[in-house]
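[1] Just need the structure, nothing else, for what follows:
(2 chains)
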Amino acid sequence: MPDALNSENDIAKGRVQLVHAEGMHARPAVKLTKLAKRFKAEIAVRVAGADWIDAKSVAKVMAMRAERDSMIEFEANGADAPAAIAALVALVAQDFPDTAG
Amino acid sequence: MSGASGRLAVKGKAASQGFAEGPLVRLERPPPRRRAPGGSAEEERALRTALATAAKHIAALAASVAGDAADILEFQLALLDDDSLVAPVFAAIAAGTSADDAWNAALAEQIADYRAAPREYLQARAADLVDLRDRVLAALSGEAAPLAAIPPGAVIAAADLPPSRFLEIDWSAGGGLALEQGSPTSHVAMLARARGVPMVVQLGALPESASIALLDGERATLELDPSVAEIAAFAARREAHAVESASACGALAAPPAQWRGEAVQLLLNIQGLADLSHPDARYAEGVGLMRTEFLFDDPSGLPGEEAQLQTYEAVLRWAGNRPVTIRTVDAGGDKPIRGFTEEGEANPFLGVRGLRLSLRRPEVFAVQLRALARAAMHGNLKVMFPMVTVPAEFTAARQLFLKALAELRAAGIAAALPELGIMVEVPAAALTIDAFPASFFSIGSNDLTQYVTACDRSNGALDALADPLNPAVLELIRRTAEHGRLHGIGVSLCGDMAGDPRAASALLRSGIRAFSMSAPSLGSVKRAIVALAAEGAHG
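    I've put the predicted structure just below:
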């Protein structure tokens, strides 16, 4: 089925600066991937200029070695793509706050 | 290695303070029982079960801890749930590899990746991955709950210990940890310090067991099957330490000391992040001296801007609002650094060292200044220069700082100029102190004493003569403090004498109101000042 005819395929993108003091350490990486996994969309993330990696893989997210102040880009593909992007961008922008649940 | 226990006394490196007395018990992970692998379906089932078992154990541990320990365990859990890690393992199993080999191979790749990473934080994660790998392998071979019962209060011996194993041990009845290898800066050492579990590392080969083990986390010793006299000596040290810490704790937790109506500030000297984890460090009112030579002491070369920035920020985070004074690299003299300090100097103590060296190597200095300017955005940062002799050196350093700042701002990187001060250790500077446009002064009494009494501080024959209480040295201290008082410029003293309670009286009378010392000295110095103040009140 061609993608153009499939109205369920939304593609959403987002861009946000990583302000976390230690860069992408274990804690932020775990939070990011846990959040990404809540969405059905396929979600990719990258440090601007580098290769895209799966945002639901904590091993890959840690391996990005994103430093503090680097620009992070997200791209999501699927029904809940816009919601996914909004949530992930907010998570990074707010410096990975602790929230219940 | 003899299996029979016998008298043994070994020394290692202190990793966590405290004393433990009990039987010596060896904690080894039993060698993994080689499973006889079955067909693909069976291997797949076995791995799924093992992953679930491991996840259950780790989740239980994670629930029992907080902070960094919890973060690392959550990371391990997230890895078990990471498709990009786990899917290839199942693919290999479907292709005929045994579960053990497939899991081992996948983790080996990750472990190698982390070990090769440029950052210490990432390299340290390799140990957590080894932990995870072994836990799943143990679950695969059907090992029951990881630990056999350990007698309460035992001194546990092992080659090294992964953090999750440390967390599984019930330390509530006391006990200690004696490692043949390991490191005081490892994750497990941090956990031990946080829990107050005494720990000594790098003890070398240890026997299988002993009926009595005495672990001394202060002296970093382990005595096995000791004599009655050794047991008594240990008990005496333990008792003295208990009295000392109770007393120091009491003194330190009390409000700041006062001398004749003025507050006396107690600050911390550190030479590395590990110094911040001393139990008394938190009572300091700030960091009066952070030496940065340790950053430059790396065999892999001079530190880059990011690495320096991370360290400075870590200290500023620890301090919160409290001031942190960082001293730019003070290399040379008795601190040679390859590729940086001059070689072949006839007299390195009077040579190109401290700020002189930094000004001669502006390309290296600029990297440190950039890191400091960026760090200045993250806390109450002050920067001081060592071995300053004439005002022109201070001005030149300040110019370089401003240049670094301009470059950072032009590149859109947030940075600020911190307060700039100088070490007062060269007699010429002490004698012309009013010519220096510094925001603050810190007296380096070690080198000041050396230069004023013309004694090489490393020459044991001159110990008595190299006296910081020599009236000449005290006179220079007095003048500096007086200058500060008259002009509202902060003056502190950060040499060894600040941490010596016997020098407190002379320093107070010379006008010093800010003492910076290593953490173990905070308690006794505060007690000395409080006692002097009380005396004065009755005098």
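
[2] ok, now which ones touch the closest residue to residue B:209 other than its chain neighbours?
    Of all residues not flanking residue B:209 in the chain, residue B:24 sits nearest, at 5.5 Å (C-beta to C-beta, 6 or more residues apart in numbering or on different chains). C-beta here means a position set from N, CA and C on the backbone, and glycine is covered the same way. Residue B:24 is in contact with B:5, B:154-155, B:157, B:178, B:206-207, B:209-213, B:224, counting by C-beta atoms under 8 Å, 6 or more residues apart in numbering or on different chains.

[3] pLDDT-wise, what's the bottom of the residues you listed?
    Across the contacts of residue B:24, the smallest pLDDT goes to residue B:5, namely 47.

[4] From chain A, how far off is the residue nearest to residue B:209?
    34 Å (C-beta to the nearest C-beta, to the nearest Å).

[5] ok so, going back, considering the contacts of residue B:24, which is situated nearest to residue B:133?
    residue B:157 (23.2 Å; C-beta to C-beta).

[6] Name the SS class of the closest one, please.
    Assigned with DSSP: H, G, I helix; E, B strand; the rest coil, residue B:157 falls in the strand class.

[7] what's the answer for residue B:456, then?
    Going by three-state DSSP: residue B:456 is coil.

[8] Quick check, pLDDT for it.
    85.

[9] again, but for residue B:492
    pLDDT, residue B:492: 98.

[10] Enumerate the residues of chain A near chain B.
    By the rule C-beta under 8 Å from any C-beta of the partner chain, the part of chain A lying against chain B is A:21-22, A:25-27, A:29-30, A:33-34, A:54, A:56-60, A:62-63, A:65, A:67, A:69.

[11] so how far is the helix or strand containing the residue nearest to residue B:209 from its chain's centroid?
    Secondary structure assigned from DSSP states H and E places residue B:24 in strand B:19-26. Here strand B:19-26 is found 26 Å from its chain centre; the criterion is C-alpha atoms, centre = their mean, to the nearest Å.

[12] Can you tell me which of the contacts of residue B:24 are buried?
    With neighbours counted by 16 or more other C-beta atoms under 10 Å in any protein chain shown, the contacts of residue B:24 contain buried members at B:5, B:154-155, B:157, B:178, B:206-207, B:209-210, B:212-213, B:224.

[13] Check those residues against chain A and report the nearest one.
    Ranked by distance to chain A (C-beta to the nearest C-beta), those are led by residue B:178 at 28.7 Å.

[14] Report the contact partners of the closest one.
    B:12, B:24, B:155-158, B:199-200, B:203, B:206, B:213, B:215, B:222 are the contacts of residue B:178 under C-beta under 8 Å, 6+ apart.

[15] Say whether chain A is contacted by the helix or strand following the strand holding residue B:24.
    Later in the chain than strand B:19-26, the nearest helix or strand by DSSP H and E is helix B:40-63. No. Judged by C-beta under 8 Å from any C-beta, helix B:40-63 makes no contact with chain A; its nearest approach is 10.9 Å.

[16] Strands along chain A, start to end?
    A:11-17, A:42-47, A:53-54, A:71-77 (DSSP state E).

[17] Give the pairing partners of the third one; include direction for each.
    According to DSSP bridges, strand A:53-54 forms sheet pairs with strand A:42-47 (antiparallel).

[18] Now do the partner strand, average pLDDT.
    95.

[19] Which residues does that strand contact?
    So strand A:42-47 is contacted by A:32, A:36, A:52-56, A:61, A:64-66, A:70-78, A:81, A:84, A:88 (C-beta under 8 Å, 6+ apart).

[20] Okay, angle between it and strand A:71-77 too, please.
    Computed with axes from the mean of the first three to the mean of the last three C-alpha atoms, to 10 degrees, the direction of strand A:42-47 lies at 170 degrees from that of strand A:71-77.

[21] angle of strand A:42-47 against strand A:11-17?
    Using the same axes, to 10 degrees, the direction of strand A:42-47 lies 30 degrees away from that of strand A:11-17.

[22] and strand A:42-47, how far from the chain's centre?
    Counting by C-alpha atoms, centre = their mean, strand A:42-47 comes out at 5 Å from the chain centroid.

[23] Please export the C-alpha coordinates of that strand as PDB.
    Taking C-alpha atoms only, strand A:42-47 is exported to PDB below (Å, rounded to 0.1, in the frame of the first residue of the first chain):
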ATOM      1  CA  GLU A  42       8.400   4.500  14.800                       C
ATOM      2  CA  ILE A  43      10.700   7.100  16.300                       C
ATOM      3  CA  ALA A  44      14.200   8.000  15.300                       C
ATOM      4  CA  VAL A  45      16.500  10.400  17.000                       C
ATOM      5  CA  ARG A  46      19.900  11.800  16.200                       C
ATOM      6  CA  VAL A  47      22.400  14.400  17.300                       C
END
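
[24] from the contacts of strand A:42-47, which would you call buried?
    Counted by 16+ other C-beta under 10 Å, the contacts of strand A:42-47 give A:32, A:36, A:53-56, A:61, A:64, A:66, A:70, A:72-78, A:81, A:84, A:88 as buried.

[25] Let me see the contact set for whichever residue of the stretch 301-450 of chain B sits closest to chain A.
    Closest residue of the stretch 301-450 of chain B to chain A, C-beta to the nearest C-beta: residue B:313 (6.3 Å). Contact analysis of residue B:313 by C-beta under 8 Å, 6+ apart lists A:21, B:375, B:378-379.

[26] Tell me where the model's unsure across the chain.
    Just going to use chain A. Across chain A, residues meeting the criterion (pLDDT under 70) sit at A:1-9, A:99-101.

[27] ah, no, chain B please
    In chain B (pLDDT under 70), the answer is B:1-6, B:28-34, B:66-68, B:120, B:143-149, B:185, B:187, B:298-300, B:537-539.

[28] okay, now residue B:428: neighbour count?
    12 (other C-beta atoms under 10 Å in any protein chain shown).

[29] cool, and residue B:359?
    Residue B:359 has 16 nearby residues by other C-beta under 10 Å.

[30] Count residues in the vicinity of residue 46, would you?
    You didn't pick a chain, so chain A it is. With neighbours defined by other C-beta under 10 Å, the count for residue A:46 comes to 17.

[31] try again with chain B
    When neighbours are counted by other C-beta under 10 Å, residue B:46 registers 21.

[32] Over to residue B:195?
    17.

[33] can you pull out the helices in chain A?
    A:26-37, A:58-63, A:81-93 (DSSP state H).

[34] Most tightly packed of the ones you listed?
    Ranked by mean neighbour count, the helices of chain A are led by helix A:58-63 with a mean of 24 (mean count of other C-beta atoms under 10 Å in any protein chain shown).
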